[in-house]
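Peer 1: quick check, what structure comes out for this input:
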Amino acid sequence: MTQTAPPSPPPSGKRMLSEQVHARLRDAIMRGRHAPGDALKPQDLAKAHGVSLAVVREALVRLVGEGYADRLPNRGFAVPAFSDRRWQEIAEARRTVEPAMLRMSVERGDVDWEARVRAAHHRLARTPPYAPEEGDYYTAAWAEAHRVFHRTLLEGCGNAVLLETFDRMWTASELTRRWSAQRDPGRDGVEEHRRLEEAALARDADTAAEVLVRHLTLTAAALTEPPSGQRRER
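Peer 2: Take a look at the predicted model:
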């Protein structure tokens, strides 16, 4: 007779509080309520959230592990800065890995992959990127549709290890996408995504890879150039 494992014990009160504070802080950072470079002072956050210092520190350590906060040399915490070298390193890694994966998808993807790409693009195109109740940053629904579209494009490669690498890089670059959109609001992301879908489904690997490289480059460039309203005419 097969024995079933006993149910996992419910999370402790401290763990539940830590998860709640982690979710709130992550959302606040993602929506710009804690701006790039801002200090995240445990004492102030504990008071603001009505929890203990230990709960806040646990949440902050988790955010550090996810890349949404930095631990400072004096044991404090802060939101990462625009100028942090890691963003350009992540962008370089994505420009190296993802176009190669896209080429593989174009070569290996079957008809079912084509259908998934078309459906994912349709969902992305029909999902409003902004909503008044979610503030100035794009919505959670659009962010998920965006992730699904990019991942679906690459799933035709059929390589689970590469797809896991994509997942890690995508999570690591979430802040840069949000900051980039704020600093370059005139960018035509709709057209960029349309061209990606078009080239992939046309089985034009060279054009698809070229469009993807430019797409990723523009996201990273917005962090190193002045905001679009402050750029000089070229």
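Peer 1: need the CA coordinates for stretch 42-50. CSV is fine.
Peer 2: Extracted in CSV, the C-alpha atoms of stretch 42-50 (Å, rounded to 0.1, in the frame of the first residue of the first chain):
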residue,chain,number,x,y,z
PRO,A,42,14.8,48.7,7.4
GLN,A,43,13.8,50.7,10.4
ASP,A,44,11.6,53.1,8.3
LEU,A,45,10.1,50.2,6.3
ALA,A,46,9.3,48.2,9.4
LYS,A,47,7.4,51.2,10.8
ALA,A,48,5.6,51.9,7.5
HIS,A,49,4.5,48.2,7.2
GLY,A,50,3.8,47.7,10.9
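Peer 1: okay, buried residues for that stretch please.
Peer 2: Across stretch 42-50, burial judged by 16 or more other Cβ atoms under 10 Å covers 42, 45-46, 49. (C-beta placed from N, C-alpha, C; glycine too.)
Peer 1: do stretch 146-166 as well
Peer 2: Buried residues in stretch 146-166 (16+ other Cβ under 10 Å): 146-150, 152-157, 159, 162, 165-166.
Peer 1: and the longest helix seen in the chain, what does it pack against?
Peer 2: Secondary structure of the chain read by DSSP state H shows that its longest helix is helix 85-108. Packing contacts for helix 85-108, counted by 3 or more Cβ pairs under 8 Å, 6 or more residues apart in numbering; DSSP states H and E, involve helix 140-155, helix 160-172, helix 174-183, helix 189-201, helix 205-224.
Peer 1: so which of those helices comes closest to residue 56?
Peer 2: helix 174-183 (20.1 Å; Cβ to Cβ).
Peer 1: how far does that closest one sit from its chain's centre?
Peer 2: 9 Å (Cα atoms, centre = their mean, to the nearest Å).
Peer 1: tabulate the CA atom coordinates of it in PDB.
Peer 2: What follows is helix 174-183, C-alpha atoms only, in PDB (Å, rounded to 0.1, in the frame of the first residue of the first chain):
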ATOM      1  CA  GLU A 174      12.500  43.100 -15.400                       C
ATOM      2  CA  LEU A 175      13.500  46.400 -13.700                       C
ATOM      3  CA  THR A 176      15.300  47.600 -16.900                       C
ATOM      4  CA  ARG A 177      12.200  47.100 -19.000                       C
ATOM      5  CA  ARG A 178      10.100  49.200 -16.800                       C
ATOM      6  CA  TRP A 179      12.700  51.900 -16.400                       C
ATOM      7  CA  SER A 180      13.400  51.900 -20.100                       C
ATOM      8  CA  ALA A 181       9.800  52.400 -21.000                       C
ATOM      9  CA  GLN A 182       9.600  55.400 -18.700                       C
ATOM     10  CA  ARG A 183      12.700  57.000 -20.100                       C
END
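Peer 1: which other helices and strands contact it?
Peer 2: helix 13-30, helix 85-108, helix 140-155, helix 205-224.
Peer 1: shaky segments in this structure?
Peer 2: 1-14, 226-234 (pLDDT under 70).
Peer 1: now with 50, please.
Peer 2: 1-2, 8-11, 230-234 (pLDDT under 50).
Peer 1: and the residue nearest the centre of it?
Peer 2: residue 174 (2.2 Å; Cα atoms, centre = their mean).
Peer 1: contacting residues around the nearest residue to that residue once chain neighbours are set aside?
Peer 2: Leaving aside its sequence neighbours, residue 174 sits nearest to residue 30 (Cβ to Cβ, 6 or more residues apart in numbering; 7.2 Å). When contacts are counted by Cβ atoms under 8 Å, 6 or more residues apart in numbering, residue 30 touches 68, 137, 174-175, 178.
Peer 1: could you check how far the residue nearest to the centre of the chain is from residue 33?
Peer 2: 16 Å (Cβ to Cβ, to the nearest Å).
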